[in-house]
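Participant: Quick one, what's the 3D model for this:
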Amino acid sequence: MNVLEALDEPRQRARAAGNVAHICWLLESATAAAFGVPVDELRAPSRRSADVAFARQSAMYLAHVTLGLSYSAVGTLFHRDRNTAAYACQQVEDRRDDPTIDMLLQTLEGVCGEMARGILTHPQVRP
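Facilitator: Residues are numbered from 1 along each chain as shown. Have a look, this model is predicted:
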């Protein structure tokens, strides 16, 4: 079950839609920190280095898996198209065979999921 499906009330789901961009921004920040890349590089319009590109792909993957967003929605939020989002998710899935990458992504999934649930259930508490 993804974060958005976990919300019971229609009112909560409507409020969630307004918070998704904020959650993705935090997700990008957490991913950049975990991969040790500058967040500005992660958000750059061009590809950048392979490390930055994989960190961005991981953030897109987390938005798709953790938040349950479609490839189109992920692409829009990350200023890419849906095909790029789908490709990013496939690249990350392919690299999850590496135990180090898998453990990092598993940790990020937990952290980002909890962060998203906190924002969605307590939207008035924002930094």
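Participant: Only C-alpha atoms from now on, for both contacts and neighbour counts.
Facilitator: OK.
Participant: got the residue ranges for the strands in the protein?
Facilitator: Assigned by DSSP state E, the chain shows no strands.
Participant: Enumerate every residue touching residue 42.
Facilitator: Shown here is residue 42, whose contacts under the criterion Cα atoms under 8 Å, 6 or more residues apart in numbering are 28, 32, 52-53, 55-56.
Participant: same question but for residue 76, I mixed them up
Facilitator: residue 82.
Participant: how close does residue 79 sit to residue 21?
Facilitator: In this structure, residue 79 and residue 21 are separated by 12 Å, where distance is defined by Cα to Cα, to the nearest Å.
Participant: picking that back up, where's the dip in pLDDT among the contacts of residue 42?
Facilitator: When these are compared on pLDDT, residue 28 comes out lowest, with 88.
Participant: From residue 34, how far out is it?
Facilitator: The spacing between residue 28 and residue 34, counted by Cα to Cα, is 10 Å.
Participant: Settle it for me: which of these two has more neighbours?
Facilitator: More crowded of residue 28 and residue 34, by other Cα atoms under 10 Å: residue 28, with 25 against 14.
Participant: Tell me the spacing between that one and residue 61.
Facilitator: Per Cα to Cα, residue 28 is found 11 Å from residue 61.
Participant: okay, and the common contacts of these two?
Facilitator: The overlap between the contact sets of residue 28 and residue 61 (Cα under 8 Å, 6+ apart) is empty.
Participant: pLDDT weak spots in the protein?
Facilitator: Counting by pLDDT under 70, the chain shows low-confidence ranges at 1-18, 120-127.
Participant: How much space separates residue 73 from residue 48?
Facilitator: Here residue 73 is placed at a distance of 22 Å from residue 48 (Cα to Cα).
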